[in-house]
Structure formats: structure tokens, C-alpha cells
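Colleague: below are the sequence and a predicted model; questions follow.
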Amino acid sequence: MKPEPRRLLAVAGAIVIAIPTYRRIPQLMALIATLSEQARLADATIIVADNACDVAVHAALESFRPKLPIHCIPVPARGVSQARNALVDEAGRLVPDWRWLVMLDDDGEATHDWLKRILACGEEYGADLVGGPVIGVLPPGSSRLAQSSVFATRGRWPTGPVPMLNTTQNLAIARKLLDRIALPLFDRKFGASGGEDYDLFRRTVRAGGRLVWCDEAEVFEPAPADRLTTGALFRRYYTTGTYMAVIDVAYDGWSHGLATGTRGAAASLARAALHLSRNEPDSAARSVLMVAHYAGRLAGLLGVRTARYTKKESS
């Protein structure tokens, strides 16, 4: 049994749960069903930013409105950064005294006491940002490559301060972060490519903010089959590499980015060859995916830009 945070306390101040969505009404409804009771007990406000501007999203949320303060805003400017910034702005308008803004993606599923755990952890450690585990759920019969990918095996750490976080799926943002970094929190230039979360984490650290991991606050994320094909997995790792290279260059300089990319590519190739020679398929699969990641990093250094959040790629 996992240890509890030392204080599962009542958080003083208003709480907002913020969810960007794009053409995933069934998944969005499933997510809100998993967190509705927690949100009600915490007197939290839920805001959904619909990047498809579909009136059906408003209609679908009606069933929750008798019991929950839930709001839906259309965001016509396409892009994940644009949707997230709209959520932060709307939180400031609807709940001007918010203390914590907790972000989820529309394909997540909250676990029991998730909200209480992540917020108690943030209060205990004086965090600016708190991240928690996103546990991938793969369809039966998924390939070895899929089982070795980020969709199944995201990093986890002991609860407490950490140097970096994973994603905005399952992320609590403290109001005091706005005293450290200016709005908008999410850089618009990463709206199509992704990486707006990694940039926020790096900007927070540079501003002296504290990142904290809450390993008890779990969120599940079922992965659709179209994200798990061989081509889709390699594209995912490659495009992640491209935006990470761009962001790291902005903070560390081009020469550091080049050294990271070349060393990582060489090491990943060597590990892949070694694991294949030893007939270690799981380790080989992870290494091959990292080869794609570092290939993306090197491409990013050469000026290649990608657009993950488009019609043809999963959002």
C-alpha cells in the first residue's frame, strides 16, 4: 500500500480544475465522472476549454451541471497552448481568488482521492507546480514497442521535490507561480508542436520555483490504438525530440543542445545494438525509441519544426 502524504489537509482557498478538449466527448464525460464527487467535496470549479468549438460539448456537460459548477468555453484559436492559456484566463475571471489550478487532459481518469492528494502534497512542500503519475492503459495485444513506450512506462519518483516533471496531464499549478513568471503561462509558439508543458517547467525552475512530485495522486490514461502503431510511436518520439531541442537551446545554448543530441543518439544506438545482440527485446525496443527521440533533437537543432496537434496527428 502506498504511503499517504503526511498531511491530507483541507486546502485554504478556491480550487479550479481545468481541462482542454478537442473532439473527445466520450472521453471527456468519462473523465468528469471519475472526478465529479471529489470536485464537489472540494467545492472546486471545473472549466473545460473546447478547441473544436462544438456545441455538442456544452450539451454533453449539462448532465453534470445540477451538482457541479462546470463551465465550457470555446477556444477558436487552435493549439494546445492557446487552450491552456484560455483556461488560466477564464479561471482568473470566474474564480479570481483561486489558489490551485489543476490541469487534466480530456483522456485521463482520476483515481480515488486524487485531488485531495495532489493538493495536500503541494501545500506540504510549498510547491509552485505539482505533478503526479499518469499510468498508461494499453489495449490488449499491444506490441512490444507500445509496451516499452511512454504510453505505458512514464517515469515516477518518490514524493517530494524533483528537478523536472512529465506533463500537464495531472499537474497542479499554485497561484503563487504567477508572482514568479508572467502570463501567458504556456508559450503560444508550441501550440501546434507540443512542448508548452516542458517549457513551463524549465521557466519555473529558472525563476526559482519549486517542482514537486506526488506519487500517490494517480491518473489513468487509456491509449487509443492509433497512437500505438509503429509509425505513430516513432513520430511521437521524434516530434518530442524536436521541441525539446528547441526549448533546451533557449535555456542552455546551441552547443549544449548539440552535445546532448549527439551523445544521446550515439548512446541510444549503442544500447539498441547491444540489447539486440543479447536478445533483450524489451530493452532494445526502449533504446530504438530513444534513437528516434535523439534524431528529432538533432533535426530540431537544424531548424526542423513539427506540428503534432493537427488534423492528421492525435491531439
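Modeller: Received the coordinates, thanks. Numbering: from 1, shown residues only.
Colleague: for the stretch 51-200 of the chain, what spans make up the helices?
Modeller: Listed in chain order, the helices of the stretch 51-200 of the chain (DSSP state H, counting those that start in this stretch) span 55-61, 80-94, 114-125, 144-147, 196-206.
Colleague: just send the ones you listed back as JSON lines, with mean pLDDT and distance to residue 18 too.
Modeller: The C-beta positions use only the backbone N, C-alpha and C, and glycine is treated the same way. Below are the helices of the stretch 51-200 of the chain laid out as JSON lines (pLDDT from 0 to 100; distance: least, Cβ to Cβ, whole Å):
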{"stretch": "helix 55-61", "mean pLDDT": "93", "distance to residue 18": "14"}
{"stretch": "helix 80-94", "mean pLDDT": "97", "distance to residue 18": "4"}
{"stretch": "helix 114-125", "mean pLDDT": "97", "distance to residue 18": "13"}
{"stretch": "helix 144-147", "mean pLDDT": "96", "distance to residue 18": "29"}
{"stretch": "helix 196-206", "mean pLDDT": "98", "distance to residue 18": "13"}
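Colleague: and residue 41, which of those helices is closest to it?
Modeller: helix 114-125 (8.1 Å; Cβ to Cβ).
Colleague: host element of residue 285?
Modeller: Secondary structure assigned from DSSP states H and E places residue 285 in helix 281-301.
Colleague: off-centre distance for that helix?
Modeller: Relative to its parent chain, helix 281-301 has a centroid offset of 20 Å by Cα atoms, centre = their mean, to the nearest Å.
Colleague: buried ones in it?
Modeller: Buried residues in helix 281-301, counted by 16 or more other Cβ atoms under 10 Å: 284-301.
Colleague: swap in stretch 127-138?
Modeller: 127, 128, 129, 130, 131, 132, 133, 134, 135, 136, 138.
Colleague: re the thing from before, most tightly surrounded among the helices of the stretch 51-200 of the chain?
Modeller: Most buried of the helices of the stretch 51-200 of the chain, by mean neighbour count (mean count of other Cβ atoms under 10 Å): helix 114-125, with a mean of 23.
Colleague: helices and strands around that helix, which ones?
Modeller: Applying 3 or more Cβ pairs under 8 Å, 6 or more residues apart in numbering; DSSP states H and E, one finds that helix 114-125 contacts strand 14-21, helix 25-41, strand 98-103, strand 129-131, strand 171-174, strand 211-213.
Colleague: rewinding a little: I'd like the helices of the stretch 51-200 of the chain as CSV, with distance to residue 280 appended.
Modeller: Converted to CSV, those look like this (distance: least, Cβ to Cβ, whole Å):
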stretch, distance to residue 280
helix 55-61, 46
helix 80-94, 36
helix 114-125, 35
helix 144-147, 11
helix 196-206, 30
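Colleague: the ones you listed: which one's closest to residue 228?
Modeller: Nearest of the helices of the stretch 51-200 of the chain (Cβ to Cβ): helix 144-147, 4.1 Å.
Colleague: and the helices of the stretch 51-200 of the chain: which comes nearest residue 72?
Modeller: In terms of Cβ to Cβ, the element of the helices of the stretch 51-200 of the chain nearest to residue 72 is helix 55-61, at 5.1 Å.
Colleague: who's in contact with the helix or strand containing residue 49?
Modeller: Using DSSP H and E, residue 49 falls within strand 45-50. Applying Cβ atoms under 8 Å, 6 or more residues apart in numbering, the contact partners of strand 45-50 are 14-22, 28, 32, 35, 39, 57-58, 61, 64, 68-75, 83-84, 86-87, 90-91, 94-95, 98.
Colleague: just the C-alphas of it, formatted as CSV.
Modeller: Extracted in CSV, the C-alpha atoms of strand 45-50 (Å, rounded to 0.1, in the frame of the first residue of the first chain):
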residue,chain,number,x,y,z
THR,A,45,-14.9,24.8,-10.2
ILE,A,46,-14.4,22.9,-13.4
ILE,A,47,-13.6,24.7,-16.6
VAL,A,48,-13.5,23.0,-20.0
ALA,A,49,-11.8,24.7,-23.0
ASP,A,50,-13.2,23.3,-26.2
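Colleague: that strand versus helix 25-41: what angle between them?
Modeller: Between strand 45-50 and helix 25-41, the angle comes out at 160 degrees (axes from the mean of the first three to the mean of the last three Cα atoms, to 10 degrees).
Colleague: of the contacts of strand 45-50, grab the buried ones for PyMOL.
Modeller: One line in PyMOL is enough to select the buried ones among the contacts of strand 45-50; burial here means 16+ other Cβ under 10 Å:
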select buried, resi 14+15+16+17+18+19+20+21+22+28+32+35+39+57+61+64+68+69+70+71+72+73+75+83+84+86+87+90+91+95+98
